[in-house]
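Chemist: fold the following, please.
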Amino acid sequence: MYRNTIRVAALVGIVLLGSWTGPALGACSVYGEYLAFASNSDGITLEGEIELVGQAYLEGAYTKTGEYGNFGSSWFQADLYNARVRGIAASHGEEHGNNNCSSGVGRVDDLGLTDDLTFHIPAGTYPEGVTARMSGHARGVIWSQVGAAAAGKYWVALGPEVFEMPIVVSLNTKADTVQVNDDFEIAVQLVAPGTTLSAPQDLVHTVSIWLHRCRAGSDEVNILGVNVVGDAMVDFGEGVWVDDLTVSPSVPWTSESGHFLANTSPAPPEVAGLVLGQNHPNPFNPSTAIAFRLPEDQQVSLRVYDLSGRLVRNLIAAETLHAGPHEAVWRGRDDSGRRVASGTYVYRLEAGAFSRTKRMVLVK
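Modeler: Presented below is the predicted three-dimensional model:
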């Protein structure tokens, strides 16, 4: 099932805390909610929710830019193949006159994946019991300048066991940075020590990985009569991921989707071996790297465009490159060497008769 809705709504401020009941998802689901908003734009808040049930991959990137260069931006990816969720929310505000500020808001409100895992336990005696252990990592940063605020949370669950970080808020009254650098392990006892099973048993536990209320908002703060507008970001670009699931003593397990921890590419390239990666970091300031791989020696062009389709920068102009991995760096300047404005840009790789395109966000 695929559901994609876009709602028109009014946004007043940025709400950092609140309760959450979670979407009602079944086995093998990926889900995302996002919002990108900028005041003094066309007045429309872009807000959406996307749910895929029975599928395994979700990705999106959205930016709303205001008249004065302020913006809100969100990017997200939920990937059952690699048991990982990644999301970035960013905002930028601009002062454009006395006592008048333009704000932006970027939100990845909920982003997650879920799958039902079945542990196939053979008949026999288990003196030490049977335990499932799932380990992984969380890497991110939550930061804001004066005049902005940011908040974020994540959690990972296997059955009844949960590893989570509380909602962390970086407030607008001072510049603040919170680093997230967690390694986690979750253990679930499947069979108690000393148990004898006369027949095989299948035990089902749901695994889930979530980013929650990742919100960044610029706002107006009056300090000694001076308006201050800042930037903020919740950056889980590396994300939260599981890299190992083991069961003692060598009990096999399967997932409902068949994809969890399968570590295969979620989207086959247009040409075998031709790959264009997502730029990193994204959003970025002042520079970002774009990686790609060629299946053979080819003439290649890599160009950056704005959203109107105007060419901004030729990173690679009709050069013949060898097969294998390559990387180009864009430093946020056009072909004349001038710094470009904040916002969303498109980069396109052309190799022979084929092309790949992705978006990136420049934050200032």
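Chemist: centroid-nearest residue for the chain?
Modeler: With distances taken as C-alpha atoms, centre = their mean, the residue of the chain nearest its centroid is Gly87 (2.0 Å).
Chemist: who does it bridge with?
Modeler: Counting by DSSP bridges, Gly87 forms beta bridges with Phe76, Phe236.
Chemist: list the residues that contact it.
Modeler: By C-beta atoms under 8 Å, 6 or more residues apart in numbering, Gly87 lies in contact with 74-77, 108, 111, 211, 214, 234, 236, 239. (Glycine included, C-beta is placed from N, CA and C.)
Chemist: for those residues, which single residue is the most surrounded?
Modeler: Using other C-beta atoms under 10 Å as the neighbour criterion, Ser74 leads the contacts of Gly87 with 35 neighbours.
Chemist: give me the low-pLDDT residue ranges for the stretch 1-150 of the chain?
Modeler: In the predicted model of the stretch 1-150 of the chain, residues 1-27, 41-48, 97-100 satisfy pLDDT under 70.
Chemist: residue ranges of the strands in the stretch 151-300 of the chain, please?
Modeler: With DSSP state E, counting those that start in this stretch as the criterion, the stretch 151-300 of the chain has strands at 161-170, 176-191, 195-197, 201-218, 221-223, 226-228, 231-247, 253-255, 275-276, 288-294, 298-306.
Chemist: dump those strands into JSON lines; add distance to Ala149 as well.
Modeler: Converted to JSON lines, those look like this (distance: least, C-beta to C-beta, whole Å):
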{"stretch": "strand 161-170", "distance to Ala149": "6"}
{"stretch": "strand 176-191", "distance to Ala149": "9"}
{"stretch": "strand 195-197", "distance to Ala149": "51"}
{"stretch": "strand 201-218", "distance to Ala149": "6"}
{"stretch": "strand 221-223", "distance to Ala149": "10"}
{"stretch": "strand 226-228", "distance to Ala149": "13"}
{"stretch": "strand 231-247", "distance to Ala149": "6"}
{"stretch": "strand 253-255", "distance to Ala149": "38"}
{"stretch": "strand 275-276", "distance to Ala149": "34"}
{"stretch": "strand 288-294", "distance to Ala149": "25"}
{"stretch": "strand 298-306", "distance to Ala149": "29"}
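Chemist: distance of Thr206 from Val188?
Modeler: Using C-beta to C-beta, to the nearest Å, one gets 11 Å for the distance from Thr206 to Val188.
Chemist: how close does Phe292 sit to Asp109?
Modeler: In terms of C-beta to C-beta, Phe292 sits 32 Å off from Asp109.
Chemist: neighbours of the residue nearest to Thr320 when sequence neighbours are not counted, how many?
Modeler: Excluding the flanking residues, the one nearest Thr320 by C-beta to C-beta, 6 or more residues apart in numbering is Gln299, at 5.1 Å. Neighbour count for Gln299, taken as other C-beta under 10 Å: 12.
Chemist: need the contact list for Gln299.
Modeler: By C-beta under 8 Å, 6+ apart, the contact set of Gln299 is 318-321, 351-352.
Chemist: and what of Asn285?
Modeler: 332, 362-364.
Chemist: ok, 10 Å please
Modeler: Neighbour list for Asn285: 90, 92, 231, 233, 332, 342, 361-364 [criterion: C-beta atoms under 10 Å, 6 or more residues apart in numbering].
Chemist: most neighbours of all those, which one?
Modeler: Going by other C-beta under 10 Å, His92 tops the contacts of Asn285 with 33 neighbours.
Chemist: quick one: contacts for the residue lying farthest from the centre of the chain?
Modeler: Outermost residue of the chain with respect to the C-alpha centroid, by C-alpha atoms, centre = their mean, is Ser198; its distance is 45.6 Å. For Ser198, the contacting residues are 123-124, by C-beta under 10 Å, 6+ apart.
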